[in-house]
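A.B. asks: what follows is a predicted structure for the sequence shown.
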Amino acid sequence: PPTSISEVSHVKTMDQYKEMYKQSVEEPGKFWGKIAETFYFKKQHEGEFFDYNLDIRKGEVYIRCLSDATTNICYNCLDRNVKSGHGDTIAFYWEGNDPMDSTSITYKKLLDEVCKFSNVLKSLGVKKGDRVAIYMPMILELVVAMLACARIGAVHSIVFGGFSAEALSSRILDAKCDVLVTADGVYRGTKLIDLKSIADEALELCTKDGHSVSACVVVKHITANSYCDDKTERPAMRPYSGFKMSWNKAVDRSWEDLMQSASNECEPEWMNSEDPLFILYTSGSTGIPKGVLHHVSGYMLYAATTHKYTFDYHCGEVYFCTADIGWITGHTYITYGPLLNCATSVMFEGTPLFPDASRYWAIVDKYKVSKFYTAPTAIRSLMKYGEEPIRKYSRSSLKVLGTVGEPINPEAWLFYHKVIGNESCSIVDTFWQTETGGHVLTPFPGCTPTKPGSATFPFFGIVPAILSDEGVEIEGPGEGYLVFKQPWPGMMRTVFGDHKRFERTYFTKFPGYYVPGDGCKRDEDGYIWITGRIDDMINVSGHLLSTAEVESSLIEHPQVAEAAVVSKPHSVKGECLYCFVTVLQGSEFNKELVKELKEKVRHHIGAFSTPDYIQNAPGLPKTRSGKIMRRVLRNVAKGNRDLGDVSTMADASVVEVLFQNRDYTV
Ligand code: 6R9
């Protein structure tokens, strides 16, 4: 067997990367055109690959690629693989919240199910271009539902199963969805989430606002788990009986009943490349979520290519992404990217801490996972439990470990590399956004020499630049606004129903560039380091400080599990640093620790960066996707109890504890 991953990787050397990169940005048509040849197009494209204008001064911003070709992404995910002899290949191993719940599905069976549900959607009156809302747990029916939409040309709008009724209803309303697909409920650890009653409430809210969906399709997941191989009754975990579900005859339809009579043959709708594929809402700085719209062909090429190269995916390997499909990471790197590459994936319903902190590694060993993808917040939460739950499992199948979602502090990066990866895996810190469709900055496994905390270099087709406040490009080492100068296939095309907002949000601050809203710096070796959201930058006495940078200094302290830094208004400095620190289990938060922490930050950045406040934070307010809610922390820092919209917060009780702990700020 090869001793080093680079011997078998798709891109073996930096020279090879540079050569491929050069072609991807200088001759994008040739580069992506060759990749497009590996997919099925009903009608081939003629003419230039791209047609675009990113410069708002020259008129409307638009991006189109392969604009006269027709295809279907579901066909490329399923039929194409079945036709090439992979019908019996496992598409997903499904692992339930309860370790005893598991099943798997082949490409052929998945195609059958998708065709059936496509026919179900058609029977409910759904046509090409109609929007379908999906509010489901991490079960196979979720993948079936989204691919069925793609097959018939309906636009799916998946709302993460942790969102509230209000959040769900505002998304259904914004996209005017005709149908909602949901499930009875789901267990997260030992906690039961009653999805159906939340969905009911959301639909009621919609009706009040004058919009009624025509049908609500309900999967019986906890009441009758149709995909589960082991039917042993485990009442403590899944109430097969006793769970009461409301049923509104006027709109509710049973998934199981509808599927029973549906045919498993369904000709795909041949879509134009630039027809919409899905809407995914992402939070906007104004507080109103934006419906990011992705389109068929560009997204397809980009999802497949990034999945293949970033994880160095090879046919036959088992890949495991721990994200929820309700977020972009799940869309691109659980459903579309892996299926387009005929991958075998693990789809996991549960949480990393249930039944204990070794769950991920139990799954890795069970399925011999070689490519693993998670978030820094998950790594840090596992660090709190030490090495024992990790060492208990061999993890010897692992080769590539990816992270996404926020800047990864070097401490967590090193833990990922040394403890989880046994120093024998490539770490890929992937920077991207809902808007970018796929990775835009990332190392290539077995190829890019990494630095802990740096997302390194651009993916194929991506041309980053760093701008100063004045909008001047900074060459060489420096710090400023991250921007992109050229479009790439997977880039979002518009905000659903509000093209002006799309232009305003991403193309007006620095005309001619796509502005993602993150700061970054380039070091003397050309490596790019994301410094956090532009809005998270803190200006202390005229020095621009990145919260991420301060946080990673704090986390370096052996007693610190997690840290979040926000700005607090300061009468002399303008702003000062207010740090929330979670200590490791068994450690004490005291004056001595605070002194050491201040010293750490001073040591890493400089005296001007010394935090004014360091407060004990037994828990941090996070969104359900695991992002720290700095806006809430800024209010705690100020002692302002008017927190604004906290509907996306995973556990609101931590905030009260933080207010109580303010008194103990040292
Ligand atoms: C994929 C995803 C996007 C924002 C993005 C940035 C932050 C994501 C990151 C990262 C530093 C990374 N972000 N990955 N920051 N390093 N590797 O998370 O999409 O939910 O839209 O968030 O997340 O701030 O702008 P999304």
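C.D. replies: Sure thing, it's come through. Numbers count the residues shown, from 1 in each chain.
A.B. asks: where does residue 564 land in three-state SS?
C.D. replies: strand (DSSP: H, G, I helix; E, B strand; the rest coil).
A.B. asks: my read: it touches residue 628, true?
C.D. replies: Yes. The criterion here is CB atoms under 8 Å, and residue 564 meets it with residue 628 at 4.7 Å. All C-beta spots, glycine's among them, are computed from the backbone N, C-alpha and C.
A.B. asks: now the end-to-end length of stretch 619-633.
C.D. replies: 11 Å (CA to CA, to the nearest Å).
A.B. asks: how about the residues of the stretch 351-500 of the chain by the ligand?
C.D. replies: Within the stretch 351-500 of the chain, the positions lying close to the ligand (CB under 6 Å from any ligand atom) are 404, 405, 406, 407, 429, 430, 431, 432, 433, 434, 455.
A.B. asks: may I have the beta-bridge partners of the fifth one?
C.D. replies: Right, residue 429. Using DSSP bridges, the beta-bridge partners of residue 429 come out as residue 403.
A.B. asks: for it, what are its contacts?
C.D. replies: 402, 403, 404, 408, 413, 442, 443, 450, 453, 454, 455, 456 (CB atoms under 8 Å, 6 or more residues apart in numbering).
A.B. asks: let's go with 10 Å and repeat that
C.D. replies: The neighbours of residue 429, taking CB atoms under 10 Å, 6 or more residues apart in numbering as the test, are 376, 401-404, 407-408, 413, 416, 439, 441-443, 450-456, 529-530.
A.B. asks: touching, residue 489 and residue 461? I think so.
C.D. replies: Yes. Assessed by CB atoms under 10 Å, residue 489 is found in contact with residue 461 at 7.0 Å.
A.B. asks: any idea which residue of the stretch 551-666 of the chain lies closest to the ligand?
C.D. replies: Per CB to the nearest ligand atom, residue 625 is where the stretch 551-666 of the chain lies closest to the ligand, at 6.3 Å.
A.B. asks: spatially nearest residue to that residue, not counting backbone neighbours?
C.D. replies: Nearest residue to residue 625 in three dimensions, chain neighbours excluded: residue 327, at 5.3 Å (CB to CB, 6 or more residues apart in numbering).
A.B. asks: mind listing what's buried in stretch 13-20?
C.D. replies: residue 17 (16 or more other CB atoms under 10 Å).
A.B. asks: make that stretch 634-649, sorry
C.D. replies: For stretch 634-649, by 16+ other CB under 10 Å, it's 634, 635, 636, 637, 643, 648, 649.
A.B. asks: quick one: it to chain centroid distance?
C.D. replies: Relative to the centre of its chain, stretch 634-649 is centred 24 Å away, using CA atoms, centre = their mean, to the nearest Å.
A.B. asks: could you export that stretch as PDB, CA atoms only?
C.D. replies: Below are the C-alpha coordinates for stretch 634-649, written out as PDB (Å, rounded to 0.1, in the frame of the first residue of the first chain):
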ATOM      1  CA  ARG A 634     -21.800  42.100  22.400                       C
ATOM      2  CA  ASN A 635     -25.000  42.700  24.200                       C
ATOM      3  CA  VAL A 636     -23.900  40.700  27.200                       C
ATOM      4  CA  ALA A 637     -20.700  42.600  27.200                       C
ATOM      5  CA  LYS A 638     -22.600  45.900  27.300                       C
ATOM      6  CA  GLY A 639     -25.100  44.600  29.900                       C
ATOM      7  CA  ASN A 640     -27.900  45.100  27.400                       C
ATOM      8  CA  ARG A 641     -30.600  42.600  27.900                       C
ATOM      9  CA  ASP A 642     -32.500  43.600  24.700                       C
ATOM     10  CA  LEU A 643     -31.000  40.800  22.600                       C
ATOM     11  CA  GLY A 644     -33.100  41.200  19.400                       C
ATOM     12  CA  ASP A 645     -33.900  38.200  17.300                       C
ATOM     13  CA  VAL A 646     -32.600  35.000  19.000                       C
ATOM     14  CA  SER A 647     -34.700  32.500  17.000                       C
ATOM     15  CA  THR A 648     -31.600  30.800  15.600                       C
ATOM     16  CA  MET A 649     -30.000  30.200  19.000                       C
END
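A.B. asks: could you shift the numbering so residue one becomes 37, and keep it that way?
C.D. replies: Right, with 37 as the first residue, what we last looked at is stretch 670-685.
A.B. asks: mean confidence for it?
C.D. replies: For stretch 670-685, mean pLDDT rounds to 86.
A.B. asks: is there contact, residue-wise, from that stretch to the ligand?
C.D. replies: No. Using CB under 6 Å from any ligand atom, stretch 670-685 stays clear of the ligand, with a minimum separation of 11.3 Å.
A.B. asks: in this structure, where is pLDDT below threshold?
C.D. replies: Counting by pLDDT under 70, the chain contains low-confidence ranges at 37-42, 261-278, 319-324, 571-573, 575, 577-580, 610, 699-702.
A.B. asks: residue 187 reaches residue 156, doesn't it?
C.D. replies: No. Contact criterion CB under 10 Å: residue 187 and residue 156 do not qualify, at 11.5 Å.
A.B. asks: for the spatially most distant residue from the centre of the chain, grab phi and psi.
C.D. replies: For the chain, the largest distance from the centre (CA atoms, centre = their mean) belongs to residue 608, which lies 39.6 Å off. Per-residue torsions, residue 608: phi -100, psi -50 (degrees, to the nearest 10).
A.B. asks: in stretch 640-657, what counts as buried?
C.D. replies: 641, 645, 646, 647, 648, 649, 650, 651, 652, 653, 656, 657.
A.B. asks: will you turn those into CSV that also has distance to the ligand?
C.D. replies: Supplementary listing: those in CSV, determined by distance: CB to the nearest ligand atom, whole Å:
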residue, distance to the ligand
641, 18
645, 20
646, 25
647, 22
648, 25
649, 24
650, 24
651, 24
652, 26
653, 21
656, 16
657, 17
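A.B. asks: export the residues of the stretch 387-536 of the chain next to the ligand to a markdown table and tack on secondary structure?
C.D. replies: As requested, these are exported to a markdown table (three-state DSSP):
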| residue | secondary structure |
| --- | --- |
| 440 | coil |
| 441 | coil |
| 442 | coil |
| 443 | coil |
| 465 | strand |
| 466 | coil |
| 467 | strand |
| 468 | coil |
| 469 | coil |
| 470 | helix |
| 491 | coil |
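A.B. asks: most widely separated two among those residues?
C.D. replies: Using CB to CB, the two most remote members of those are 465 and 470, lying 17.9 Å apart.
A.B. asks: secondary structure element for the residue most central in space within the chain?
C.D. replies: Of all residues in the chain, the one closest to the mean position by CA atoms, centre = their mean is residue 365, 2.8 Å from it. Element membership for residue 365 (DSSP states H and E) is helix 364-366.
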